[in-house]
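In: coordinates only, sequence not included:
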């Protein structure tokens, strides 16, 4: 059995698709709260709460309430799908083989998850590079070529992902206090700022509305942004001390992180008409120390989320190509990530890329969540675990039909009605209806 490094002597994590040995499952709930909070607070996550104000016309309180409720509902599903990892020590995409079949997991779910993680690795690295460029320009009047920063930055994050879960766990110990400190500084800058003779409190209390339909729309957008994380949550929960530690730690960590994100994003949008508090707040002070603190927090938050992207993306790649092993899959993913990070133009295509992948990711996520919660009743039997190891599962044909129907629904529902949200809740009903007609015991086609 392969083993990971101890916390005192961090080396490269080598555990692949095998179960994590019980003596290495030592991560407690507070550790997960710290990790997930650090992962959740990043520039990309400010967007939906801010857009609820800027485009939806909601007031600060309505924007925060609606997006937090939507995100927390998603985090509930993410935490529930973390339980298999915590119970059996297995990575997410490997466990998903038991839900949609080995072929469905290896050749559909994992490639899509790998591409998604790879794309976001590139986008986050590009964003971090621009932050670093602006900091060097404003503070030291240095203009550094983009590639001179993006490639080394991508290499650092690829290396940390190669080290594995311990790197993510230890990095969060430094990043989280930094994020909280920078959040306090940003809040103080906002509250003491001058807004044309008005205070921040006056602006917050005198703008926006409580439109129920708009709140539902942006709540659903927050939901679909995070629910796909259910496809990777077992990758980190497999090191959990107990299932309860993993479940509650991941849920409360994600929720706390998004609450902080929503407060900052919606407040920035309300008082400054912009979506990125890291950028806006640095324009409100001439203090080198405060600017450096905020930029450093933004930069480190990007590294944390990207480490998570690369770590889970490597496991998705491994599930598609098991013979690679954990180390080679992480190296290959990291190399691809470095290449992608050298093309800033990909950041401009985020909306189209997300929309394209969403047509499959949302119904696929809905199906394996439904299978785990309603068909398997939240448990994998010993027989199911043995079948996973033996590669018995071939293809869940019922799941394939349901995902196909979900894709059609996604494409047919008008954009203003939140097709992702509707697809997520309709697809499981289709899946369960198909299973009901066939009978629960016939849902998975076995290999001969």
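Out: On my side now, so go ahead. Note that this is a predicted model, so its numbers are computed, not measured.

In: Confirm that residue 274 sits in a strand.
Out: No: counting by DSSP: H, G, I helix; E, B strand; the rest coil, residue 274 is not found in a strand; it is coil.

In: and it, what does it touch?
Out: 50, 268, 280 (CB atoms under 8 Å, 6 or more residues apart in numbering). Any C-beta I mention is one placed from the backbone N, CA and C, and that applies to glycine too.

In: The same query, at a cut-off of 7 Å, please.
Out: 268, 280 (CB atoms under 7 Å, 6 or more residues apart in numbering).

In: do residue 59 as well
Out: Counted by CB under 7 Å, 6+ apart, residue 59 has contacts 207-210.

In: cool, and residue 69?
Out: So residue 69 contacts residue 219 (CB under 7 Å, 6+ apart).

In: With the one 4 residues further on instead?
Out: Going by CB under 7 Å, 6+ apart, residue 73 touches residue 223.

In: Check which helix or strand it maps to.
Out: Element membership for residue 73 (DSSP states H and E) is helix 60-80.

In: ok, and for that helix, which residues are buried?
Out: 60, 62-68, 70-80 (16 or more other CB atoms under 10 Å).

In: any idea which helix or strand comes after that helix?
Out: helix 83-88.

In: helices and strands around that following helix, which ones?
Out: Secondary-structure packing of helix 83-88 (3 or more CB pairs under 7 Å, 6 or more residues apart in numbering; DSSP states H and E): helix 92-95, helix 233-237, helix 243-272.

In: which outside residues touch stretch 385-403?
Out: 88, 94, 97-104, 363-364, 367, 371, 427, 430-431, 434-435, 438, 443-447.

In: With stretch 78-87 instead?
Out: With CB under 7 Å, 6+ apart, stretch 78-87 has contacts from 90-92, 95, 226-227, 229-230, 233-235, 237-238, 240, 242-243, 246-247, 250-251, 254, 369, 372-373, 378, 380.

In: Grab the nearest non-local neighbour of the residue at minimal distance from the centre of the chain.
Out: For the chain, the residue nearest the mean C-alpha position is residue 229 (5.2 Å; CA atoms, centre = their mean). Leaving aside its sequence neighbours, residue 229 sits nearest to residue 78 (CB to CB, 6 or more residues apart in numbering; 4.5 Å).

In: pLDDT below threshold where in the stretch 151-300 of the chain?
Out: For the stretch 151-300 of the chain, no stretch has pLDDT under 70.

In: which SSE is residue 425 in?
Out: helix 419-438.

In: re the thing from before, take the contacts of residue 59 and write them to JSON lines, including secondary structure and distance to residue 141.
Out: Output for these, formatted as JSON lines (DSSP: H, G, I helix; E, B strand; the rest coil; distance: CB to CB, whole Å):
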{"residue": "207", "secondary structure": "coil", "distance to residue 141": "38"}
{"residue": "208", "secondary structure": "coil", "distance to residue 141": "40"}
{"residue": "209", "secondary structure": "strand", "distance to residue 141": "44"}
{"residue": "210", "secondary structure": "coil", "distance to residue 141": "47"}
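
In: out of those, who has the most neighbours?
Out: Scoring those on neighbours with other CB atoms under 10 Å, the highest-scoring entry is residue 208 at 22 neighbours.

In: Contact partners for residue 149?
Out: Counted by CB under 7 Å, 6+ apart, residue 149 has contacts 129, 132-133.

In: May I ask which of the residues you listed has the most neighbours?
Out: Using other CB under 10 Å as the neighbour criterion, residue 129 leads these with 26 neighbours.

In: Wait, that residue touches residue 147, no?
Out: No: judged on CB atoms under 7 Å, residue 129 makes no contact with residue 147 at a distance of 8.8 Å.

In: my guess is residue 336 contacts residue 118, does it?
Out: Yes: using CB under 7 Å, residue 336 is in contact with residue 118, at 5.8 Å.

In: ok so, going back, and the residue nearest to residue 229, how far from residue 188?
Out: According to CB to CB, to the nearest Å, residue 78 stands 32 Å off from residue 188.

In: And residue 168, by the same measure?
Out: With CB to CB as the criterion, residue 168 and residue 188 are 30 Å apart.

In: How many residues are close by residue 151?
Out: 16.

In: Same question for residue 244.
Out: 12.

In: What sits closest to it if chain neighbours are left out?
Out: residue 29 (7.4 Å).

In: Return the residues in contact with the one you found.
Out: With CB under 7 Å, 6+ apart, residue 29 has these contacts: 245, 248-249.

In: among these, which ones are buried?
Out: 245, 248-249.

In: Present those residues as CSV; the columns should include distance to residue 54.
Out: Shown next, in CSV, are the buried ones among the contacts of residue 29 (distance: CB to CB, whole Å):
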residue, distance to residue 54
245, 39
248, 34
249, 33
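
In: which one among those residues gets closest to residue 163?
Out: residue 249 (21.1 Å; CB to CB).

In: Name the nearest residue to the closest one, sequence neighbours excluded.
Out: Residue 249 sits nearest to residue 32 (CB to CB, 6+ apart), 2.6 Å away.

In: Give the bridge partners for residue 240, please.
Out: On DSSP bridges, the residues paired with residue 240 through beta bridges are residue 27.

In: Of all the residues in stretch 336-350, which ones are buried?
Out: 336-338, 340-342, 344, 347.

In: can you map out the helices along the stretch 101-250 of the chain?
Out: If DSSP state H, counting those that start in this stretch is used as the criterion, the helices of the stretch 101-250 of the chain fall at 102-104, 110-140, 146-163, 165-191, 200-205, 212-227, 233-237, 243-272.

In: right, so the ones you listed: which one is the most enclosed?
Out: helix 233-237 (a mean of 28; mean count of other CB atoms under 10 Å).

In: other SSEs contacting it?
Out: helix 83-88, helix 92-95, helix 243-272, helix 288-320.

In: roughly how far is that helix from the heart of the chain?
Out: On the basis of CA atoms, centre = their mean, to the nearest Å, helix 233-237 sits 12 Å off its chain's mean C-alpha point.

In: Restricted to helices, list the buried residues of stretch 336-350.
Out: Counted as lying in helices by DSSP state H, out of the buried residues of stretch 336-350, are 336-338, 340.
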